[in-house]
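Asks: just to be clear, the model below is a prediction. Sequence and coordinates:
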Amino acid sequence: MNRDKISAFTLKIASSNGSGLISILYDIYNEYEKEALDKFAAGQVDEAVVALKKCADVVNHLQRDLNFDYKVSSNLYALYDYVQRNVSKSIYKANSDGLLEAKRVMDELGIAFDQVAKKDSSAPIMRNTQYVRAGVTYGREALNESLMGNQTSRGFWA
């Protein structure tokens, strides 16, 4: 994943609520998944394995953060475990077969969490962050960002 995409995900994370954060993790997984599939198609197996390991890290994060006070968490844990095993299979076999099976499951879960995130109107998790508005406004080829809000500094008040 390139630096621009990482910055875009960082901005999304800073302004999202809990459901939105899970949805963003699925988007990050999809980026690494796409990167791995592209690298396999290009014959760059070592780079594909690196992307697969990042996919496994994202799924591991999703799995660790489950709240088992809810009944659905045990089902999600089993699905994440299935995805992890398929991603691992792609890593040790150095092909995309397991990843394609994991993709099927993660795509369905990603759609479900996107729908949940759209209905969630809770406040953002991170407080005291600056609102960033981005758009191509004054440059022909440059993306201009402006910070919005009443914050004059980003440090701590003593």
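Replies: Ah, there it is.
Asks: okay, now the unreliable bits of the chain?
Replies: Within the chain, the segments meeting pLDDT under 70 span 15, 123-158.
Asks: for residue 68, helix, strand, or coil?
Replies: When classified by DSSP: H, G, I helix; E, B strand; the rest coil, residue 68 comes out as coil.
Asks: show me the contacts for it.
Replies: Residue 68 is in contact with 74, 77, counting by CB atoms under 8 Å, 6 or more residues apart in numbering. Where C-beta positions appear, they are placed from N, C-alpha and C, glycine not excepted.
Asks: what's it sitting at in phi/psi?
Replies: When read as degrees, to the nearest 10, the backbone of residue 68 gives phi -80, psi 10.
Asks: show me the strands in the protein, by range?
Replies: 131-135, 144-148 (DSSP state E).
Asks: buried sites along stretch 26-42?
Replies: For stretch 26-42, burial by neighbour count (16 or more other CB atoms under 10 Å) applies to 26-33, 35-37, 39-40.
Asks: for those, which one is nearest residue 120?
Replies: Taking CB to CB as the measure, residue 120 lies nearest residue 26 of these, at 14.5 Å.
Asks: ok now do the closest one, which residues does it touch?
Replies: Listed by CB under 8 Å, 6+ apart, the contact partners of residue 26 are 106, 109-110, 113-114.
Asks: and if we set it to 7 Å?
Replies: The contact partners of residue 26, by CB atoms under 7 Å, 6 or more residues apart in numbering, come to 106, 109-110, 113.
Asks: what residues does stretch 75-83 touch?
Replies: Contact with stretch 75-83 is made by 59, 62-63, 66, 102, 105-106, 109, as judged by CB under 7 Å, 6+ apart.
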